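Colleague: Please find the sequence and the predicted model below.
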Amino acid sequence: MPAGNDTQPTPKVTPAQVRAWLEAVPDPEIPVLSIAELGILRDVQCRADETVVVITPTYSGCPAMQAIEQAIAARLRRHGVAAFRIRTRLAPPWSSDWITAAGRRKLLEYGIAPPVRTAGCGPAGADNQPLVACPQCGSTQTVRVSEFGATACKALYRCEDCLEPFDYFKCI
């Protein structure tokens, strides 16, 4: 958990200001999304002696968390916040429901099928897999090729209509 260790006084900031600064911190694995759009940024507290930023990884072994913490620390320092702490909260676990509407739209535009967002993580097909629409052509005639895609939080699918492979951001 990176912490600011400068001896300079931190300017008075509000949680809204800090959130606004952190809205621009990209996710290192899906750079079109910010950590806020992905739902990783959970809380900001501005106390008299320090600013606390709370983040939740998409899964407990997420290798991007160290890079995310470093980016948060750099952003805070850039805005003159010297006394801060970054806390990782594992409970409740991250949920794909935390991805914002803008984040879902950006995933789709980037070529990654966003998680199906209905009760039970979406309607299931005959093989009990979610009905995932192809981000290229919109067809639901898709098949899962692999449980894991480019990262553990994504599965690899292929469209049977346009034949394009694509990642599906799993419903967690």
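Modeller: It's in.
Colleague: got a list of contacts for stretch 104-117?
Modeller: Residues outside stretch 104-117 that contact it (CB atoms under 8 Å, 6 or more residues apart in numbering) are 30, 32-33, 37, 96-97, 99, 103, 121-123, 130-136, 154, 157, 166-172. From N, CA and C alone the C-beta is placed, and that goes for glycine too.
Colleague: list the contacts for the residue nearest in space to the middle of the chain?
Modeller: Central residue of the chain (CA atoms, centre = their mean): Leu38, 2.8 Å from the mean position. By CB under 8 Å, 6+ apart, Leu38 lies in contact with Asp27, Ile30, Thr58, Trp98, Ile99, Gly103.
Colleague: Could you tell me which residues within the helix or strand that contains Arg144 count as buried?
Modeller: In the assignment (DSSP states H and E), Arg144 maps to strand 142-146. With burial defined by 16 or more other CB atoms under 10 Å, the residues of strand 142-146 counted as buried are Thr142, Arg144.
Colleague: try stretch 152-163
Modeller: Under 16+ other CB under 10 Å, the buried positions of stretch 152-163 are Cys153, Lys154, Ala155, Leu156, Tyr157, Arg158, Cys159.
Colleague: okay, those residues in a markdown table with pLDDT next?
Modeller: Below are the buried residues of stretch 152-163 laid out as a markdown table (pLDDT from 0 to 100):
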| residue | pLDDT |
| --- | --- |
| Cys153 | 84 |
| Lys154 | 89 |
| Ala155 | 92 |
| Leu156 | 95 |
| Tyr157 | 96 |
| Arg158 | 97 |
| Cys159 | 97 |
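Colleague: Of these, which pair is most distant in space?
Modeller: Using CB to CB, the buried residues of stretch 152-163 span at most 20.4 Å, a distance reached by Cys153 and Cys159.
Colleague: Report the residue ranges of every domain in this structure.
Modeller: 15-88, 103-169 (automatic domain parsing).
Colleague: Compare the ones you listed and say which comes out lowest on pLDDT.
Modeller: Looking over the domains of the chain, mean pLDDT reaches its minimum on domain 103-169, with a mean of 85.
Colleague: Could you give the bridge partners of Val143?
Modeller: Taking DSSP bridges as the rule, Val143 bridges to Arg158.
Colleague: thinking it is in contact with Ala155, fair?
Modeller: No: Val143 is beyond contact range of Ala155, at 10.7 Å (criterion: CB atoms under 8 Å).
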